[in-house]
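In: coords please:
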Amino acid sequence: MLPLADVLSTLDLTQSGDGIFVAEQRDNASHHIVGGHITAQALMAAGRTVPGRLPHSLHVYLLRAGDARYPVQMEVTSLRDGGSLSTRKVIARQGDEELLEALISFSVPMEAADYQQPAPEVPGPETLPPVEEQLQAFADEAGGYWVRPQWIERRYIDPPPRLAIDLPEPPERTRMWWRPAEPVTDDPIVNSALLTYFAGTALLDTTVTMRRATQVSVFSALIDMAIWFHRPADLTDWVLADQVSPSGINGRGLGSATLYNRAGQLVCSTAQEMYFGRARRD
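Out: Reported below is the predicted structural model:
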C-alpha cells in the first residue's frame, strides 16, 4: 500500500500537451497498477479540463493491467460543455496499449429537490478498534499484510474478510468507517479522487467475503466501475461505507456501496465488478 503522501503526489498530474497528462506511478513487488488508483488519476486528468465544475458521475472500463514501473499517459477529449453539464472521455495508455477508458461528467450547483435514503444506524468510529488491532493475531501472515500501514484508517463495524472467513456464514454487509491517515487538502476534485481510489479497493472486501476468501488468497482484478458523487466529502472526518455484494457469477463479483459523512448525508454511491479468474485445474 502507498503512503498518503505518495498517493497525493501521483494525483498531481503533469500536462504535456492539449488534453494530455502524464500520471506517474509508484512501483511495487508485482509491478501492478491498482485499478482504483489509475481511475482516480483519470478523474484528476478530466477535472483539469473542466474549471469551476465538480464531478457527479464516472463510468470506467479497465481493459488491461498496467506496469507500475512506467508512467501512464491520460488523453482527455471534450465531448460536451453545456449550460449545466460537461462530459469528458479519458483514455489511459502505456505505449500502444490502452489500459482504461472512462466517461466522466461534471456539473454546476443548482436549486432542486434534495432527498436521500437515510444512513444506517451504526456505532460511531470512536467506539470501534482500528483494523490493525482487530487483526493483530494474524500479524505474521502474508508478510504482515493485515497490519501494515495504509494511506487510510479503517474501523470495521462488520467482520473484515480475515475474520469473516472463519464464521459459519459470511456477513451480509461489510460496513466500515474510514478516513485518510493524515490531513488532506479541501480541494473537492482531489477528495473525489481519493473517494474513487478508496471505492476501487475497499469493495473487494465484500466480494471476497461472499466468496469465503480473503484478498491474499485469490487473484482479483477490477474490470469496471461506476461512481455517482452526490456532494463533496469532508475527508478531515470519518466517512461511513456500507458495502454489499449482491451477485457472484462466472468468475465475477459485483459489489456496491453507499458512503455517508458523519452528519448522515449521502456522499456518493458506487458499483463495480471484480474478476476472479478461472478456477485452477489439478
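
In: Can you name the next helix or strand after whichever strand or helix holds residue 248?
Out: Assigned by DSSP states H and E, residue 248 falls within strand 239-249. Towards the C-terminus, the helix or strand next in line after strand 239-249, according to DSSP H and E, is strand 252-260.

In: buried sites along that following strand?
Out: 253-260 (16 or more other Cβ atoms under 10 Å). For glycine as for every other residue, the C-beta is placed from the backbone atoms N, C-alpha and C.

In: Stretch 56-70: end-to-end distance?
Out: 30 Å (Cα to Cα, to the nearest Å).

In: One more: stretch 224-239?
Out: 23 Å.

In: buried residues in that stretch?
Out: For stretch 224-239, by 16+ other Cβ under 10 Å, it's 224-235, 238-239.

In: Closest to residue 267 out of the residues you listed?
Out: Minimum distance to residue 267 across these is 4.7 Å, recorded for residue 233 (Cβ to Cβ).

In: ok, so of the buried residues of strand 252-260, who is nearest residue 196?
Out: Closest to residue 196, out of all of those and judged by Cβ to Cβ, is residue 259, at 11.1 Å.

In: all strands for the chain, in order.
Out: Counting by DSSP state E, the chain has these strands, from start to end: 14-17, 20-23, 54-62, 72-81, 85-94, 97-107, 152-156, 174-180, 221-229, 239-249, 252-260, 266-275.

In: Rebuild these as JSON lines, extending it with mean pLDDT and distance to residue 200.
Out: Putting the strands of the chain into JSON lines (pLDDT from 0 to 100; distance: least, Cβ to Cβ, whole Å) gives the following:
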{"stretch": "strand 14-17", "mean pLDDT": "93", "distance to residue 200": "22"}
{"stretch": "strand 20-23", "mean pLDDT": "96", "distance to residue 200": "15"}
{"stretch": "strand 54-62", "mean pLDDT": "97", "distance to residue 200": "9"}
{"stretch": "strand 72-81", "mean pLDDT": "97", "distance to residue 200": "15"}
{"stretch": "strand 85-94", "mean pLDDT": "97", "distance to residue 200": "14"}
{"stretch": "strand 97-107", "mean pLDDT": "97", "distance to residue 200": "11"}
{"stretch": "strand 152-156", "mean pLDDT": "95", "distance to residue 200": "12"}
{"stretch": "strand 174-180", "mean pLDDT": "95", "distance to residue 200": "13"}
{"stretch": "strand 221-229", "mean pLDDT": "95", "distance to residue 200": "6"}
{"stretch": "strand 239-249", "mean pLDDT": "94", "distance to residue 200": "12"}
{"stretch": "strand 252-260", "mean pLDDT": "95", "distance to residue 200": "10"}
{"stretch": "strand 266-275", "mean pLDDT": "96", "distance to residue 200": "7"}
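
In: Of all the ones you listed, which one is nearest residue 145?
Out: By Cβ to Cβ (comparing all of the strands of the chain), the closest turns out to be strand 152-156, at 13.7 Å.

In: so that closest one versus strand 239-249, what angle?
Out: Per axes from the mean of the first three to the mean of the last three Cα atoms, to 10 degrees, the angle that strand 152-156 makes with strand 239-249 is 70 degrees.

In: okay, strand 152-156 in PDB with CA atoms only?
Out: In PDB, the C-alpha atoms belonging to strand 152-156 read as follows (Å, rounded to 0.1, in the frame of the first residue of the first chain):
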ATOM      1  CA  ILE A 152      -6.400   5.300   5.200                       C
ATOM      2  CA  GLU A 153      -7.500   4.400   8.700                       C
ATOM      3  CA  ARG A 154     -10.300   1.800   8.900                       C
ATOM      4  CA  ARG A 155     -12.600   0.800  11.700                       C
ATOM      5  CA  TYR A 156     -14.900  -2.100  10.800                       C
END
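
In: contacting residues around that strand?
Out: Under the contact criterion Cβ atoms under 8 Å, 6 or more residues apart in numbering, strand 152-156 has outside partners 4, 125, 128-131, 134, 160, 174-181, 198, 238.

In: again with stretch 239-251
Out: With Cβ under 8 Å, 6+ apart, stretch 239-251 has contacts from 119-120, 122, 172-179, 195, 198-199, 202-203, 205-207, 209-211, 233, 253-262, 267, 275-279.

In: can we see that at 6 Å?
Out: Identification of contacts with stretch 239-251 by Cβ atoms under 6 Å, 6 or more residues apart in numbering yields 120, 173-178, 203, 206-207, 210, 253-260, 276.
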